[in-house]
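A.B. asks: would you be able to build a 3D model of this:
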Amino acid sequence: MSTVRRPDHHRSAPQGGHRAASAGRPATQTAGLRHVLAHLVTPLLMCLGMGLAYLGAFAHPAPHHLPVAVVGSSRSAQLLAQSINDRSGGDLEARTVPRRATAVEQLKHQDIFGAYVMNAAAQGQSEERSQGQARGQVQGQTQGQTQGQARGAGAPELLVATAGSDTSASVVQKIFTPLAARQGAPLKVTDVAPPAEDDPTGQGIFFLLVAISIGSYASVAVIGGAGAVLPLRLRAALAIGTSVVVSLIGTALAGPVFHLVDHGLGGLWGMAWLYSAGVLLIGTGLHTFLKRWTTLGVMALFVMLNFTSSGGIFRPEMQNGFFAALHSFWNGAGFVEGLRSHVYFDGYGLSGHVWTLVGWLLVGVLMVGLAGLAERRRRAAEEEAAANAAAVAAAAVAATVPEPRPQRSVGAATSGTGSAYTATDEEEEEMEEAVGV
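C.D. replies: Take a look at the predicted model:
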């Protein structure tokens, strides 16, 4: 009898264990599914944010108070400028400038983005004859000659600066081409500030911004995630060192590799380092507060709001008020406009753009300082909690018979808890790094 029951007993034990394991699987799967869904929130928010930012900034580009000029001080030039303002409904801001040279200067200062010379031949003759004469005589001669020769053989001319914005130059050309057709002559387009030969659209600077930004904010995920066990001072040093490497890579790509910039590489590297260091320090400081949400936060700051307001594709005059306002102080705009000024416009306005980059770098330094204070307080609170727990444990042990097993179990439980915490942290760090890259 016993020999028959023993196999039944042995078979029943595995079956019971199998039932217990089967009962535990749904709970494990539910926890795992909940964990995955929680991490899926990040890429879904990225999708939403990128769609809102890029479509909001680039979907319907249209001029908003785009400054242009009509060259000449004659009555016909003033009437043309007034007519442009009346018909544009605020899309354009037309003004008159007395001479072609004045229009060229304003184009190179990016005060205007197009200048229409009603009669290029007459304007050229008037400028040659006006040398050395008083300002009033210049205006009188220009007015008389423009009125007398507006219907002559001279073709109208449009002055643009495509290095400032190829899209703005194209919009201006579309506006003034019909006006030239009314004069019965083809429109002559003159580019007073062309981009580099290997960057015909002038948008290579924008894509350089993209490359440097990705190298910077992806490094934030690695330094903040994999380097979370390191002291903040060492993480900040790694951020500075990484910014040097990223800026050197960007300079090499823009210069020797693709020839987007044919001079001023030293200034390019300086602005690239200021930009990259600001991004890395801000991201390193934010990681202390945002943890696994740091990647989303950095992408919102330096991709969604940054690329769209940089002016690399559309200048703020071609965007809505929100992104136009960001352009005035955001770091991406400071880098793009600063590099344009340095390379194409003889450094005009460069100092303001450099100070924008310096300001963001100082924000990064401040953020790291705040993170240091927060981590110091967090460590002090953890040490105090650990001390209180140790005191409670000691009191409990003193009130009972001291046995080695409870002490080992407490240590084992503590060790197990630490291992579980470490494993969870490692999973979050790995996920954050993967999403960031």
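
A.B. asks: let's check: the centremost residue of this structure is which one?
C.D. replies: For the chain, the residue nearest the mean C-alpha position is residue 306 (2.6 Å; Cα atoms, centre = their mean).

A.B. asks: roughly how far apart are the nearest residue to it once chain neighbours are set aside and residue 270?
C.D. replies: In space, and not counting its chain neighbours, residue 306 is closest to residue 332: 4.0 Å by Cβ to Cβ, 6 or more residues apart in numbering. Every residue, glycine included, has its C-beta placed from N, CA and C. Distance from residue 332 to residue 270, counting by Cβ to Cβ, to the nearest Å: 16 Å.

A.B. asks: okay, the two: which has more neighbours?
C.D. replies: When neighbours are counted by other Cβ atoms under 10 Å, residue 332 and residue 270 differ, and residue 332 comes out ahead with 30 against 17.

A.B. asks: contacts only, for the more buried one.
C.D. replies: Counting by Cβ atoms under 8 Å, 6 or more residues apart in numbering, residue 332 touches 209, 213, 275, 302, 306, 307, 309, 310, 312.

A.B. asks: what's the closest of those residues to residue 374?
C.D. replies: When the contacts of residue 332 are compared for distance to residue 374 (Cβ to Cβ), residue 302 comes out closest, at 21.8 Å.

A.B. asks: distance of that closest one from residue 332?
C.D. replies: Distance of residue 302 to residue 332, given as Cβ to Cβ: 7 Å.

A.B. asks: likewise residue 388?
C.D. replies: Distance from residue 388 to residue 332, by Cβ to Cβ: 48 Å.

A.B. asks: same question, residue 259
C.D. replies: Counting by Cβ to Cβ, the gap from residue 259 to residue 332 is 23 Å.

A.B. asks: pLDDT below threshold where in this structure?
C.D. replies: By pLDDT under 70, the low-scoring segments of the chain are 1-24, 120-154, 401-437.

A.B. asks: what segments of it are strands?
C.D. replies: Assigned by DSSP state E, the strands in the chain fall at 66-71, 92-97, 115-117, 157-160, 188-191.

A.B. asks: of these, which is nearest residue 383?
C.D. replies: Of all the strands of the chain, strand 66-71 sits nearest to residue 383, with 60.6 Å by Cβ to Cβ.

A.B. asks: run through who's touching the closest one.
C.D. replies: Contact with strand 66-71 is made by 77-78, 80-81, 84, 91-100, 102-103, 106, 111-118, 123, 159, 168, 171-172, 175-176, 317-318, as judged by Cβ under 8 Å, 6+ apart.

A.B. asks: list the pairing partners of it within its sheet, with orientation.
C.D. replies: strand 92-97 (parallel), strand 115-117 (parallel) (DSSP bridges).

A.B. asks: mean neighbour count, those strands: which tops it?
C.D. replies: Ranked by mean neighbour count under mean count of other Cβ atoms under 10 Å, the strands paired with strand 66-71 are led by strand 115-117, which reaches a mean of 26.

A.B. asks: contacts for it, please.
C.D. replies: Strand 115-117 is contacted from outside by 68-72, 80, 97, 100, 103-104, 106-107, 123, 156-160, 176, 179, using Cβ under 8 Å, 6+ apart.

A.B. asks: weed out the non-buried ones from those.
C.D. replies: For the contacts of strand 115-117, a burial check counting by 16 or more other Cβ atoms under 10 Å picks out 68-72, 80, 97, 100, 103-104, 106-107, 123, 156-160, 176, 179.

A.B. asks: mind listing which of the contacts of strand 66-71 are in helices?
C.D. replies: Among the contacts of strand 66-71, the ones falling in helices (DSSP state H) are 77-78, 80-81, 84, 100, 102-103, 106, 123, 168, 171-172, 175-176.

A.B. asks: ranking the contacts of residue 332 by neighbours, who comes first?
C.D. replies: Going by other Cβ under 10 Å, residue 275 tops the contacts of residue 332 with 31 neighbours.

A.B. asks: just give me the neighbour total for residue 60.
C.D. replies: Residue 60 is flanked by 10 other residues according to other Cβ under 10 Å.

A.B. asks: phi and psi next, for it.
C.D. replies: Per-residue torsions, residue 60: phi -130, psi 70 (degrees, to the nearest 10).

A.B. asks: how much space between it and residue 336?
C.D. replies: Distance, residue 60 to residue 336, using Cβ to Cβ: 21 Å.

A.B. asks: for residue 91, give its distance to residue 67.
C.D. replies: In terms of Cβ to Cβ, residue 91 sits 11 Å off from residue 67.

A.B. asks: swap that for residue 46, sorry
C.D. replies: From residue 46 to residue 67 the distance is 36 Å (Cβ to Cβ).

A.B. asks: check residue 189 too.
C.D. replies: 18 Å.

A.B. asks: same check on residue 81?
C.D. replies: Per Cβ to Cβ, residue 81 is found 11 Å from residue 67.

A.B. asks: quick one: common contacting residues for those two?
C.D. replies: Counting by Cβ under 8 Å, 6+ apart, the shared contacts of residue 81 and residue 67 are residue 95.

A.B. asks: so how far is stretch 51-62 from its chain's centroid?
C.D. replies: Put simply, stretch 51-62 sits 15 Å off its chain's centre (Cα atoms, centre = their mean, to the nearest Å).

A.B. asks: can you check stretch 43-52 too?
C.D. replies: Computed by Cα atoms, centre = their mean, the chain-centroid distance of stretch 43-52 equals 15 Å.

A.B. asks: could you list the residues in contact with that stretch?
C.D. replies: Taking Cβ under 8 Å, 6+ apart as the rule, stretch 43-52 contacts 296, 299, 300, 303, 304, 435.

A.B. asks: how about these in JSON lines, adding neighbour count and distance to residue 288?
C.D. replies: Shown next, in JSON lines, are the contacts of stretch 43-52 (neighbours: other Cβ atoms under 10 Å; distance: Cβ to Cβ, whole Å):
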{"residue": "296", "neighbour count": "20", "distance to residue 288": "15"}
{"residue": "299", "neighbour count": "25", "distance to residue 288": "18"}
{"residue": "300", "neighbour count": "16", "distance to residue 288": "17"}
{"residue": "303", "neighbour count": "20", "distance to residue 288": "21"}
{"residue": "304", "neighbour count": "21", "distance to residue 288": "22"}
{"residue": "435", "neighbour count": "18", "distance to residue 288": "18"}
